[in-house]
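[1] Fold the following.
(chains A, B, C, D, E and F)
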There are 6 protein chains.
Amino acid sequence: MSFARPSGRAPDQLRPVEIVRHFTRHAEGSVLVSFGDTRVLCTASVDNKAPAFLRGKGEGWVTAEYGMLPRATHSRSQREAASGRQGGRTLEIQRLIGRSLRACVDRKALGERTITLDCDVLQADGGTRTAAITGAYVALVDAVRRLQADGELDRDPIHGAVAAVSVGIYRGVPVLDLDYAEDAGCDTDMNVVMNDGGGFIELQGTAEGHAFRRDELDALLTLAGQGVAELIALQRRALAG
Amino acid sequence: MSFARPSGRAPDQLRPVEIVRHFTRHAEGSVLVSFGDTRVLCTASVDNKAPAFLRGKGEGWVTAEYGMLPRATHSRSQREAASGRQGGRTLEIQRLIGRSLRACVDRKALGERTITLDCDVLQADGGTRTAAITGAYVALVDAVRRLQADGELDRDPIHGAVAAVSVGIYRGVPVLDLDYAEDAGCDTDMNVVMNDGGGFIELQGTAEGHAFRRDELDALLTLAGQGVAELIALQRRALAG
Amino acid sequence: MSFARPSGRAPDQLRPVEIVRHFTRHAEGSVLVSFGDTRVLCTASVDNKAPAFLRGKGEGWVTAEYGMLPRATHSRSQREAASGRQGGRTLEIQRLIGRSLRACVDRKALGERTITLDCDVLQADGGTRTAAITGAYVALVDAVRRLQADGELDRDPIHGAVAAVSVGIYRGVPVLDLDYAEDAGCDTDMNVVMNDGGGFIELQGTAEGHAFRRDELDALLTLAGQGVAELIALQRRALAG
Amino acid sequence: MSFARPSGRAPDQLRPVEIVRHFTRHAEGSVLVSFGDTRVLCTASVDNKAPAFLRGKGEGWVTAEYGMLPRATHSRSQREAASGRQGGRTLEIQRLIGRSLRACVDRKALGERTITLDCDVLQADGGTRTAAITGAYVALVDAVRRLQADGELDRDPIHGAVAAVSVGIYRGVPVLDLDYAEDAGCDTDMNVVMNDGGGFIELQGTAEGHAFRRDELDALLTLAGQGVAELIALQRRALAG
Amino acid sequence: MSFARPSGRAPDQLRPVEIVRHFTRHAEGSVLVSFGDTRVLCTASVDNKAPAFLRGKGEGWVTAEYGMLPRATHSRSQREAASGRQGGRTLEIQRLIGRSLRACVDRKALGERTITLDCDVLQADGGTRTAAITGAYVALVDAVRRLQADGELDRDPIHGAVAAVSVGIYRGVPVLDLDYAEDAGCDTDMNVVMNDGGGFIELQGTAEGHAFRRDELDALLTLAGQGVAELIALQRRALAG
Amino acid sequence: MSFARPSGRAPDQLRPVEIVRHFTRHAEGSVLVSFGDTRVLCTASVDNKAPAFLRGKGEGWVTAEYGMLPRATHSRSQREAASGRQGGRTLEIQRLIGRSLRACVDRKALGERTITLDCDVLQADGGTRTAAITGAYVALVDAVRRLQADGELDRDPIHGAVAAVSVGIYRGVPVLDLDYAEDAGCDTDMNVVMNDGGGFIELQGTAEGHAFRRDELDALLTLAGQGVAELIALQRRALAG
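    You can find the predicted model right below:
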């Protein structure tokens, strides 16, 4: 009855998702992903060298960097390049994106290459890290396809698909894909990264207000599974486009 | 039959846990916590000022910093003070410790104070962040008790208890409280922070090798619940000592 | 006869220019400006405080920051936030943008406010600083208009218009608005910032190959004057839109 | 009539210029240059290695660094070594000095060497960057002569001479070589780097107050040409000494 | 009569000294040294590479790093890793420890190896640098013994022993091994590093209040000689244990 | 017989010392001090504010900063402003200079002011820190005299004089005021700061080769006493000039 999400969405409803490939010209993969008003530019850059710690081992690496334009948010935040260090939140998110995407990459098949996924938030409205993972996957596939088209790879290093969504308990109700208004007001917030086999890759849950019970957790995981399945379908459609 | 943990422990068995209070003299709370060979010195320092962003709001703050002595590990790692920045792992862990302990603190009742929990790893053998959270809780209680003894607080700002443990899938079997040998070789690793009501405060799971299935996740969460319950009992015993 | 610009443009021809207002939601002014394949997102953020060095003097400040997404360029460049410092080129450009725009602002009329212009290059193809100045002017006007609409200002702090263009000698011929292919191969490169009265605000010329003669300089200045006049007309049209 | 420069100089008159070679012992070139009360110590250091980005290409590099002693100025400014970063003004100036001097160097003839020009301001009274360029040229020639004397070079890598001067509009009158009193009060300020053939190497003009008209610019460029010609004569005399 | 040290010790009496070897597991040498309430963990880490400046010269290096846990002191001090730089006091102390220990090492006999001595203060009560030197010597010997046991060394690179103690003038009386209460109140403070032959390795004296006379200096040096002799005897006993 | 210093000086002979006051114009005190080929520019800057930690206590502060121009030395060293941090040696020296000069200042009499002594080495040939202390004293007196002349001080905050010299054992012979050739080859090196009453303010001795015996130390202290007495006479003469 009385329950309503600020956006008017149903509890299990994603925001409108858009995945625009080839958004910029130079990168081997370049995707502008939108989860509602959250817009993240994800580029994949191929470097034909493995990072130093893997040199000579016959395998490659996939890594990520994350940034937020100073005025992507409601009020301007300081530019990290100007403050001289990336904050803890930035480092945490870029480590998460990197681990998530490495989960679908056969690094031997990639060979001694590094693919860097730069995820830069042009506009933020909650869920920037889940949008980034979802978009970066598409950019990664585009970059790998170009390597394949150039005859650089013996076999496809990508196995399966990876996408991410947030879930949370908002006013006592488990909801999918929180926007900023919900995120700021919710009790529990969880980011879930899964693959196309329904397996969990990363799970990061935080009780903002009260600790969450096992049954709440179960409901959230089920919602997340649905949401990721929809996102993976959207990735597929975009890649087929 | 063939399954054996490197340490010979049963799958649901914690390492020997030791909680030594008053390990150093100056701090308001000072605890040396051991989870097997992992040893973390946790101190709680009280500052009678709220941080700048809370000044004048009538509430306090609890925050954490984490460090690892350069030779706490098998091979020496560079001192972060010398390299000039705290790494992403350090920032991630100290943010986790801070959030976990704020979950059991009534910040209004604390008043305009800051309690800083410094968790410094003297020796590492896996699970340093879960040991840190478990030990820091005891240091926090000691610091608050001293404030109470000094008549500084109207009511107890601590509600309930908080402890943390890792769980993972090692050679296909869900196991509790991974040591370094298991951590390095396991497929899935999850850190679980819970309170004494069995509620979840933080959940951070990472699939290192293959993605984990929902039933594996369920088994891990159950194991973690048991482990945390044991740790909370040990905290209580130490605090009664 | 034989002279041809790589793009096929006439020597005195600008690239196609696009000025998209309201490109993102949160900023008081938000403009995506394109000079051909160079695309820069310019946002204007209003802060109702003067910077420390002007506090209490009854006047405001306009400043700029500049950044380049790591893969805005042909090959990926290191993220300045990760390297921990803004390079000399970045600092030089953002100082130039700030000075240029302050030239059309009556800082007393602005009152004790700071407007920060963030110019972030999404895609680079030469001329990013001139595109940034041209676009930032429009974002600045939008931000000031909003202040006026809110009744915050007694009189309009913007006097006139400011735009910028590059000129250079390419294969012996003075050309307007160099793209990357020309920039890399040209002998002399000059960035010219002018106002709508035909006055010079900034002039930065560099002889890459041989020093340039006075007559070459004269030809370049004339070209720049034409180009800026066209750009100011385009700014006006966009602001009227 | 009523026009007078604070120093009593004629509008087209340089300050007394002094060029003292061999001011310190260790550097391959060491020049103390004075433009009136502005005194800059310029040393040229030869390193028999090209910088990394030129290694193995058979050519050398000339680069510059600029600094200001903390109390070179009216009030003490913070030491950049203590603040942990070189400011934007410093980086801008040292990039300008480097580019200016590379304009008279045949880098193939120099061979795989790096010459670093350190320009440190002992006392500032306006025009430190133009004094630095003018003095650094002499230090560079001394360093190259020593290489020649040692039989290290096949041919002279220096072609022509480079010097720099500032010009500006002070109380409506175009003047040459601004000192601090004029610089602080002037409307327009331009730094001009030229060679001994009258060609322009760098041109950096800034309208501090009102934008400058084309005829003003023309007058300034003519003044600058005269000033640089005088400075180049003084460099020659010093090098002949 | 009326003279009394805050601790009740005789003027020439050391605090109780404890030297616990093998305090942590991973390091090649690991010593917890206590001078009264001052407790420092000293680890020696062997790296089978010489530092860059000695590569290929057939000799090794011994270096030290020093740190203080944030709450080793009466009030919490900022973590140097968080502030992003090691303070002047830290750098000064670690340079002193390194020089002191190199004084008893035959670097040719060590071969192309680096031994790093990490001295981390767990609890501070004055004299942390002298305790660190005294403990680090024992850790160094343990690390070298392990190399010898592994047949890695042809001959013993350690010649003699090194220890350190502070002396000072407290209320007009020369005293040995100052604790924090004395250190804060004393006029003159000297740190003396000596070897087992009674030779001086380092001497650092500072007059806090009035300058000290030659006869005072003589008395302090005599006291220091006695103190170091006792400490060297304690090191020997610990190493024999 | 066979003993000779590289410079031909007698063992107890200082290098030619020159103290030039008013070397630059802006600073309240500005002294170029030479100890032979070592030349240090020492400026004293007065700020009419106490540092934050003394605000409101009615006393002032004297502090020092030290720098070395990149090519003050035989081979060019990296500019500390460019590397982004002051090295340990720099911090150690500037702390020493500050402590030494505070030893002759009555900080109550100075009032809530800060005097900063910037000691910048233009040319180095050993003994830069002792030259810096000796010259900075003169700059400090000049700055204080100006405050007195302006009627800003009730009484003279300077009591006595402070100077510094190095001593060492060179080829077995105790010598005074080591130059670079001696410094590089000597066994023991001590910097001694004393006042005009013959009292010791700072003593920093380091055994480079073999540890030094008590009788050697005694001889060095006697030499230092003579040297400082001569330097204080030279300071007096300069200040009387």
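[2] wouldn't A:Ala103 be in contact with B:Ala211 here?
    Yes. Under the criterion of CB atoms under 8 Å, A:Ala103 makes contact with B:Ala211 at 6.6 Å. Glycine gets a C-beta too; all of them are placed from N, C-alpha and C.
[3] hey, what's in contact with both of those two?
    Applying CB atoms under 8 Å, 6 or more residues apart in numbering or on different chains, one finds that A:Ala103 and B:Ala211 are jointly contacted by A:195, A:201.
[4] Stretch A:147-154 near chain C anywhere?
    No. For stretch A:147-154, no contact with chain C is found by CB under 8 Å from any CB of the partner chain; the gap never falls below 15.5 Å.
[5] Just the endpoints, please. Distance across that stretch?
    Distance between the boundary residues of stretch A:147-154 (CA to CA, to the nearest Å) amounts to 10 Å.
[6] I would like the residues contacting that stretch, please.
    Residues outside stretch A:147-154 that contact it (CB under 8 Å, 6+ apart) are A:28, A:46, A:109-111, A:113, A:144, A:156.
[7] do stretch A:228-236 as well
    Judged by CB under 8 Å, 6+ apart, the contacts made with stretch A:228-236 from elsewhere in the structure are A:14, A:17, A:19, A:134, A:137-138, A:161, A:163-165, A:192-194, A:196, A:198.
[8] please redo it, this time with the cut-off set to 7 Å
    A:14, A:17, A:19, A:134, A:137-138, A:161, A:163-165, A:192, A:194, A:196 (CB atoms under 7 Å, 6 or more residues apart in numbering or on different chains).
[9] Select the longest helix from chain A.
    Taking residue count as the measure and DSSP state H as the definition, the longest helix of chain A comes out as helix A:214-240.
[10] ok and that helix relative to helix B:214-240, angle-wise?
    Here helix A:214-240 points in a direction 140 degrees away from that of helix B:214-240 (axes from the mean of the first three to the mean of the last three CA atoms, to 10 degrees).
[11] can you map out the strands along chain A?
    Assigned by DSSP state E, the strands in chain A fall at A:17-21, A:29-35, A:38-47, A:61-68, A:114-123, A:162-170, A:173-176, A:188-195, A:200-207.
[12] which one of those lies closest to E:Ser83?
    Ranking the strands of chain A by proximity to E:Ser83 (CB to CB) places strand A:61-68 first, at 24.0 Å.
[13] Which neighbouring elements make contact with the closest one?
    helix A:88-102, strand A:114-123, helix A:128-149 (3 or more CB pairs under 7 Å, 6 or more residues apart in numbering or on different chains; DSSP states H and E).
[14] who in chain A is up against chain B?
    Of all the residues in chain A, those in contact range of chain B (CB under 7 Å from any CB of the partner chain) are A:85, A:88, A:91-92, A:95, A:99, A:103, A:195, A:197, A:199-207, A:210-214, A:217, A:221.
[15] how far away is A:Val228 from A:Gly241?
    Spatial separation of A:Val228 from A:Gly241 under the definition CB to CB, to the nearest Å is 20 Å.
[16] most centrally placed residue in chain A?
    The central residue of chain A, meaning the one whose C-alpha is nearest the mean C-alpha position (CA atoms, centre = their mean), is A:Ile133 at 1.5 Å.
[17] so that residue sits right up against A:Ile97, yeah?
    Yes. Using CB atoms under 7 Å as the test, A:Ile133 is close enough to A:Ile97 to be in contact (5.5 Å).
[18] and the closest residue to chain D within chain A, how far is that from A:Gln94?
    Nearest to chain D in chain A, going by CB to the nearest CB, is A:Gly84, at a distance of 7.4 Å. The gap separating A:Gly84 from A:Gln94 is 17 Å, by CB to CB.
[19] out of these two, which sits in the busier spot?
    When A:Gly84 and A:Gln94 are compared on other CB atoms under 10 Å in any protein chain shown, the one with more neighbours turns out to be A:Gln94, at 24 against 18.
[20] picking up where we left off before, save the contacts of stretch A:147-154 as a markdown table, and put in pLDDT too.
    Supplementary listing: those in a markdown table, determined by pLDDT from 0 to 100:
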| residue | pLDDT |
| --- | --- |
| A:Glu28 | 98 |
| A:Val46 | 98 |
| A:Ala109 | 97 |
| A:Leu110 | 97 |
| A:Gly111 | 96 |
| A:Arg113 | 97 |
| A:Val144 | 98 |
| A:Asp156 | 97 |
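[21] What is the most widely separated pair among the residues you listed?
    Taking every pair in the contacts of stretch A:147-154 and measuring CB to CB, the maximum separation is 16.7 Å, between A:Glu28 and A:Ala109.
[22] Next up, the contacts around whatever residue of chain A ends up closest to chain F.
    Nearest to chain F, among the residues of chain A, is A:Gly84, at 9.3 Å (CB to the nearest CB). Remark: with contacts taken as CB under 7 Å, 6+ apart, A:Gly84 is in contact with C:84-85.
[23] what comes up buried for stretch A:144-151?
    Judged by neighbour count using 16 or more other CB atoms under 10 Å in any protein chain shown, the buried positions of stretch A:144-151 are A:144-145, A:147.
[24] possible to save these as JSON lines with distance to D:Glu80?
    Putting the buried residues of stretch A:144-151 into JSON lines (distance: CB to CB, whole Å) gives the following:
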{"residue": "A:Val144", "distance to D:Glu80": "45"}
{"residue": "A:Arg145", "distance to D:Glu80": "48"}
{"residue": "A:Leu147", "distance to D:Glu80": "45"}
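[25] of A:Val228 and A:Gly241, who's got more company?
    Between A:Val228 and A:Gly241, counted using other CB under 10 Å, A:Val228 has the larger neighbour count: 27 against 8.
[26] who's in contact with the lowest-mean-pLDDT helix or strand in chain A?
    Least confident helix or strand, chain A: helix A:180-185 with a mean of 88, by mean pLDDT, DSSP states H and E. Residues external to helix A:180-185 that are found in contact with it (CB under 7 Å, 6+ apart): A:5-6, A:125-126, A:168, A:170, A:175, A:189.
[27] By neighbours, which of those residues wins?
    Of all the contacts of helix A:180-185, the highest neighbour tally under other CB under 10 Å goes to A:Gly168, namely 27 neighbours.
[28] roughly how far apart are it and chain B?
    Separation of A:Gly168 from chain B (CB to the nearest CB, to the nearest Å) stands at 13 Å.
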